[in-house]
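Student: Here is my input; please provide its structure:
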Amino acid sequence: MSSQEQVRCPRCGQMVMASAMEAHQRVFCTGRTSAPTMRAVLPVAASEVDDLLAQAGVGADDPLPVPVEERFWVSPRHLSTLERVAALSELGEVSNVMLLGPAGCGKTTLPRQFAATQKRPFYEVHCGSLVDVEQWFGKDRLVDGETRYRKSRLVKALETPRCVILLDEINRAHPELLNGIFGLLDWRRSIYSDDLGYMIRVAEGVTFFATMNEGTDYFGVNPLDSALRDRFPRILRLSYPPKAQEEALLVAQGVDPEIAGRLASFASQLRQATS
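Tutor: From the prediction side, this is the model:
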């Protein structure tokens, strides 16, 4: 089998280059296993993503994947907002969306599913693992005993028309690191990279999503600068699906209806008790 031949991922069903399967399952895979009631949890730091892809033979300029559409509940009000965001981004408008809400409500999954339903490429940045401003765009790596600068996949995402870019847990990055992307998020839609030696320009139709957890329950988060907040004029406050919807989602994943009902009831009671 050629390393460039595409094969189907046994977990999510997406077609992936054979050489990139391991990286796909660690980074991009939606995580569905042969047992429909389970999801794989394969966390990976943002700083590792490009290294994993490089090991799999995927370069910074290779195409970005379009996620697989899954069953995912979105409230009618938020669905209407997302439809407007999609329409405006197609017209070239700046479309930056901030997602807020309790842990486990789907903040990280929603942008991926937005990309899936819109048939758009998707790229995710785990902001908490960033340690240097230039890491947004690339970093020096030791290759065959030589130090070489390798462009990040984020640059590819920025330059890919209609791409959906998720800045996950944006307030876990140090505020000084976030200053480095202000120009990408406002009307300028561009920033100059000294290491790359050219102006990075955001392609037409690129949509930014950012997620963040707020409150005393979360450690390691930073207050979000008001200038950065202003660059996300659309804010969606997510909540957990209604009990009936959670039950339906569990049944759709193969859970026995009676057990699904009990699980949904337990989850609802637990949230009420801890709120």
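Student: Downstream of the lowest-mean-pLDDT helix or strand in the chain, the next helix or strand is which one?
Tutor: Taking all helices and strands of the chain together, the one with the lowest average confidence (mean pLDDT, DSSP states H and E) is helix 46-55, at a mean of 55. Tracing the chain C-terminally past helix 46-55 and defining elements by DSSP states H and E, one meets helix 76-90 next.
Student: in that following helix, what's buried?
Tutor: Under the neighbour-count criterion of 16 or more other Cβ atoms under 10 Å, helix 76-90 has 78, 81-82, 85-86, 89 buried. All C-beta atoms are positioned from the backbone trio N, CA, C, and that covers glycine.
Student: Ok, stretch 91-104 next?
Tutor: Of the residues in stretch 91-104, those buried by neighbour count under the rule 16+ other Cβ under 10 Å are 94-99, 101-102.
Student: Ok, stretch 236-247 next?
Tutor: Residues 236, 238, 240-241, 246-247 are the ones in stretch 236-247 that count as buried (16+ other Cβ under 10 Å).
Student: Check stretch 248-256 too.
Tutor: Using 16+ other Cβ under 10 Å as the test for burial, stretch 248-256 gives 248-251, 253, 255.
Student: element containing the closest residue to Tyr198 other than its chain neighbours, please.
Tutor: With Cβ to Cβ, 6 or more residues apart in numbering as the criterion, Tyr198 has its nearest non-adjacent residue at 7.4 Å, and that residue is Tyr192. Under the assignment given by DSSP H and E, the secondary-structure element containing Tyr192 is strand 190-193.
Student: Mind checking what helix or strand follows that strand in sequence?
Tutor: Reading on from strand 190-193 to the C-terminus, the next helix or strand found by DSSP H and E is strand 198-201.
Student: What strands line up against that next one, and which way round?
Tutor: Listed by DSSP bridges, the sheet partners of strand 198-201 and their directions read strand 190-193 (antiparallel).
Student: List the buried residues in the partner strand.
Tutor: Applying 16+ other Cβ under 10 Å to strand 190-193 flags 191, 193 as buried.
Student: ok so, going back, show me how far the strand holding Tyr192 is from its chain's centre.
Tutor: Distance of strand 190-193 from its chain centroid, counting by Cα atoms, centre = their mean, to the nearest Å, is 22 Å.
Student: Using PDB, write down the CA coordinates of that strand.
Tutor: Taking only C-alpha atoms (Å, rounded to 0.1, in the frame of the first residue of the first chain), the coordinates of strand 190-193 have been written out as PDB:
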ATOM      1  CA  SER A 190      -3.200  39.800   8.300                       C
ATOM      2  CA  ILE A 191       0.100  39.800  10.200                       C
ATOM      3  CA  TYR A 192       3.800  39.800   9.200                       C
ATOM      4  CA  SER A 193       5.900  36.900  10.300                       C
END
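Student: picking up where we left off before, considering the buried residues of stretch 91-104, which is situated nearest to Val206?
Tutor: Nearest to Val206 out of these is Ser95 (Cβ to Cβ; 8.0 Å).
Student: just checking, that closest one touches Glu204?
Tutor: No. Using Cβ atoms under 8 Å, Ser95 is not in contact with Glu204, being 11.1 Å away.
Student: Can you get me the start-to-end distance on stretch 118-135?
Tutor: Stretch 118-135 has an end-to-end distance of 29 Å (criterion: Cα to Cα, to the nearest Å).
Student: wait, I meant stretch 148-166
Tutor: From the first residue to the last, stretch 148-166 extends over 27 Å; the measure is Cα to Cα.
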